[in-house]
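> kindly return the folded structure for what I paste below:
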Amino acid sequence: MSSPNTVDYDDLQDMIASNDSGGRNPYGFSKKLIICTAVLWSLFQLYYTSPVPFWLQEILRNWNWDLNVVVDDTKARSIHLAFALFLAFLSFPAFASSPKHHIPYQDWFFAVIGAFLGAYYIFFYESLITRFGAPNTADIIAGCLGILLLLEACRRCLGLPLVIIAAVFLLYNFFGQFLPADWIISHRSGSLSQIINQQWVTTEGVFGVALGVSTKYVFLFVLFGALLDKAGAGNYFIKTAFAYLGHLRGGPAKAAVVSSGLTGLISGSSIANVVTTGTFTIPMMKRVGFSSEKAGAVEVTSSVNGQIMPPVMGAAAFLMIEYVNMPYSQLITHAAMPALMSYIALVYIVHLEAMKMNLQGLPRTDPPSKLLVFFLKIISSLLTIIILAFAIKYGLGWIKNVSGDFAFFIICAVLALIYIVLIRRVAQFPDLEVDDPNSPVLKLPSAKPTVNAGLHYLIPVVILIWCLMVEMFSPGLSAFWGTVTLVVILLTQQPLLNYFRNQPINKQLFTASIKNLINGLETGAKNMIGIGIATATAGIIVGVVSLTGFGVQLSGIIESLSMGNIFLMLILVAIFSLILGMGLPTTANYIVVSSLMALVIVEVGKQNGLIVPLIAVHLFVFYFGIMADVTPPVGLASFAAAAISGGNPIKTGIVAFFYSLRTVILPFLFIFNTDLLLIDVSLAKGILVAIVSTIAILAFTAATMNFFITKNKWWETVVLIVAAFIIFRPGFFMEYLSPSYRYIEPVNLVQDMEKGTVGKKFMLKVSGINPYGKQIEFYAQLALPAGNTGEERLKALGLTLLDTGDQIQLNNRMTNKIIIDLVEPDSPAAKVGLNWDQTILEVKVPVQSLNKEWLFIPALLLIFTIGLNQRRRVKKL
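Numbers count the residues shown, from 1 in each chain. Next comes the predicted model:
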């Protein structure tokens, strides 16, 4: 019997709809128009992202037809926003009391005007590009109305917080020019013409990078997830996780973590992820002994963390590749290890909770495997995957070399053959039915038939990852090929299964397949309404920051609050992200905080001698943005989980935040130790760091849970935390034992460079005027280039130094003043911020020292000793 606090499945689906795709469900013509518009949007996005326009253009050119069928990026953003605005006003009611089953006349009016203004670039493109910087009266009127309608659509889709923030920035943009000149936040760029030009005419505001990423990348990945779920992959992932993990201690909770992580690959919404997997996992966790709050908290934590799991990582990942300017495959490489560590630690949390309460798993369906047989199966599976990966990689390369222009068709034929073979295998097993979340679960699904019932779902996922990581296609094109594969699967899987099962194939079967495809296209588009509106609205904030230079002014404020301390600044940014995230979706939160704070953190780090890679800062902001979905009192994912479990939503959020502590510390750790992001590490070192860091996060988890093999004594908890932080930050501790740098006087820099090893990094502390006229001191790190003399090496860096002959006091002694006389443009020196007339205050050069990784040994021994001590204590009981 369900708890009186629980809500039924239909209410949960309404919760998803009201948050992700609109709370309105009209009848008749209105419903059909919304469906047709959503499907048309999906088809347009597929066309825009695909190579089809370029093929068509080539064909038309050969036929001498002067017709442009390629949609450029600016026009595509305009069409994208037009669709989003039109569907937002039709799908989302204005107020809670507004009609849900029909659309009022005013909403039709707003939808049509919003679509027209969103598509403003399409109608007036030729004239707009000739008057960038000088909007006419029509542009100003269109821009003002467009911004107002965009803010109203944002209020309906996402609530008031983002609207208020955007409105405050717009007001600041206009009225900041009237502030006294000596105020830190005053500016001189606030006329109405300037604002509208920035926000609506150019691609620096609403139609900026954020909306461009939503158009080019995000839509296809959201559509990919929607189609994968319609095909049945979501249920397949859940069932597979339970078949393999459900019998372990706290097995349903471990299965919830894994299935939520897998579902997170195809779902960009924390709430949808909680409801999709939680309706199945939460009742089973309660069945084996978890309390309502703990069951909900496990689901919340694992579902929310789905957004940090590569290769998809939600919409923010695609914004990152634009802001940081790096390939998507490289971003995935950097983000992979912290995400995996976080999930491994969460599984361990569940295990420790089960040990504390002496919980057992659900009864097995399959007989237990012998340990040796189990490991042999794992090893053989890994070897099979490795062999297949090499065969495919070199096989594809051979096909491309031999067949040339026909390679595409041959590869398609090979994939079709693989698909048919897998479908034939799947047909030998019964279909996986979607379980009733309200029915009691008496036994686990059997592993073999469960795994084999959905093998073909792996094809589009493998194609997506292959295109991203091996072929190095753009994220949009990779998602396109994955989506095309899914379209084929949706249309053919049921007829093929019936054929191989010798069951009748009729018209109704094909009709149902087409209906599933249309539903997937509709769902994908509806799920994009909020993201499209959020990225466009966040573009307002980015545009204001760019026009007014507010980021520079904010950096001064944050510097003052943090007193120049990088750690204190990171805490302030984390709190800022959490507070904003309570009212903003993850994507909008990331855009706002990263545009305001990312460069500030990098600059303050340089002033503190900490060279922070930009990707580390962006991941830091992203991690704390997703934590807002957990954090009380507004964590929507916690409320959704509590609605299923019947627990207290605030208490569920508090427990979920406690479980997320390892996710909270990871961003701080990879800021100070970029090895965790696999930045500039070899393969061997990367493997070592991955293994020992995983052990460290488990030790930290055991410390925070106050339980390792048995309940910790207070000193055991302290030792585990110390050991974990020695592993996470070995460089910090090793600098006291065996310093890796020595200080030399600036006057001896050239002489020392001649003796240095090529590739080794040295650090300069310089003083000078920054681009905004402020006197600052900062550190710059440079790698020693090749050269026969110190002068040659200095020239290779693009530097010319000048000994002024003046004496200055450095480190309590007098020495010659060395200034930078010249910096070559685009040289290594210029890229790290060095400029002419800066004074070199300090030089740190590398010396022979012990590798910091030696500290892993004592740290691991400490963890092992605690484990051994607790095992002895358990045996005595």
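> from what I can see Phe83 touches Phe44, true?
Yes: in this structure, Phe83 is within contact of Phe44 by C-beta atoms under 8 Å, at 7.4 Å. (Each C-beta comes from the backbone N, C-alpha and C, glycine too.)
> compare neighbour counts for the two and give me the winner.
Between Phe83 and Phe44, counted using other C-beta atoms under 10 Å, Phe83 has the larger neighbour count: 26 against 17.
> okay, the more buried one: pLDDT?
On the pLDDT scale, Phe83 is placed at 96.
> repeat that for Gly251.
Confidence at Gly251, expressed as pLDDT, is 79.
> same check on Thr586?
72.
> cool, and Pro4?
In the prediction, the pLDDT value recorded for Pro4 is 40.
> ok, Ala17 next?
In this prediction Ala17 is given a pLDDT of 54.
> for Lys370, same thing?
Looking at Lys370, the pLDDT reads 58.
> report the helix or strand with the lowest average pLDDT across this structure.
Least confident helix or strand, the chain: helix 9-16 with a mean of 53, by mean pLDDT, DSSP states H and E.
> just checking, what packs against the next helix or strand after that helix?
Using DSSP states H and E, the helix or strand that follows helix 9-16 in sequence is helix 28-49. Other elements packing on helix 28-49 under the criterion 3 or more C-beta pairs under 8 Å, 6 or more residues apart in numbering; DSSP states H and E are helix 73-91, helix 219-231, helix 475-500, helix 507-548.
> ok, then the element right after helix 28-49?
Sequence order places helix 52-62 as the next helix or strand after helix 28-49, per DSSP H and E.
> grab the CA positions of that following helix and hand them over as CSV.
Coordinates of each C-alpha in helix 52-62 appear next as CSV, following Å, rounded to 0.1, in the frame of the first residue of the first chain:
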residue,chain,number,x,y,z
VAL,A,52,22.2,16.8,-46.7
PRO,A,53,22.0,20.6,-47.5
PHE,A,54,25.6,20.5,-48.8
TRP,A,55,24.8,17.4,-51.0
LEU,A,56,21.7,19.1,-52.3
GLN,A,57,23.7,22.3,-53.0
GLU,A,58,26.2,20.4,-55.0
ILE,A,59,23.5,18.7,-57.0
LEU,A,60,21.7,22.0,-57.7
ARG,A,61,25.0,23.6,-58.7
ASN,A,62,25.6,20.8,-61.2
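> in that helix, what's buried?
Within helix 52-62, no residue counts as buried by 16 or more other C-beta atoms under 10 Å.
> relative orientation of that helix and helix 475-500 in degrees?
Interaxial angle, helix 52-62 versus helix 475-500 (axes from the mean of the first three to the mean of the last three C-alpha atoms, to 10 degrees): 100 degrees.
> rounded mean pLDDT for helix 52-62, please.
Helix 52-62 comes out at a mean pLDDT of 85.
> repeat that for stretch 319-336.
Mean pLDDT, stretch 319-336: 85.
> report the buried residues of stretch 745-759.
Those would be 745-746, 749-750, 752-753, 756, for stretch 745-759 by 16+ other C-beta under 10 Å.
> also stretch 449-458?
The neighbour-count check on stretch 449-458 (16+ other C-beta under 10 Å) flags 449-451, 453-457 as buried.
> give the contact list for Val747.
Val747 makes contact with 803, 815-816, 818, according to C-beta atoms under 8 Å, 6 or more residues apart in numbering.
> ok, so of those, who is nearest Gly278?
Gly278 lies nearest to Ile818 out of the contacts of Val747, by C-beta to C-beta, at 63.1 Å.
> residue contacts, the closest one?
746-747, 749, 801-804, 839-840.
> go again with 6 Å.
Shown in contact with Ile818 (C-beta atoms under 6 Å, 6 or more residues apart in numbering): 746-747, 801, 803, 840.
> got it, and Gly454?
For Gly454, the contact set (C-beta under 6 Å, 6+ apart) comprises Tyr236.
> and if we set it to 8 Å?
Gly454 neighbours (C-beta under 8 Å, 6+ apart): 232-233, 236, 240, 426, 432.
> same question for Gly867.
The contact partners of Gly867, taken as C-beta under 8 Å, 6+ apart, are 708-709.
> tell me which element it falls in.
Gly867 is located in helix 856-876, with elements delineated by DSSP H and E.
> circling back: any chance of the contacts of Ile818 in CSV, with pLDDT and secondary structure too?
Output for those, formatted as CSV (pLDDT from 0 to 100; DSSP: H, G, I helix; E, B strand; the rest coil):
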residue, pLDDT, secondary structure
Pro746, 87, helix
Val747, 85, helix
Leu801, 88, strand
Asp803, 85, strand
Ile840, 89, strand
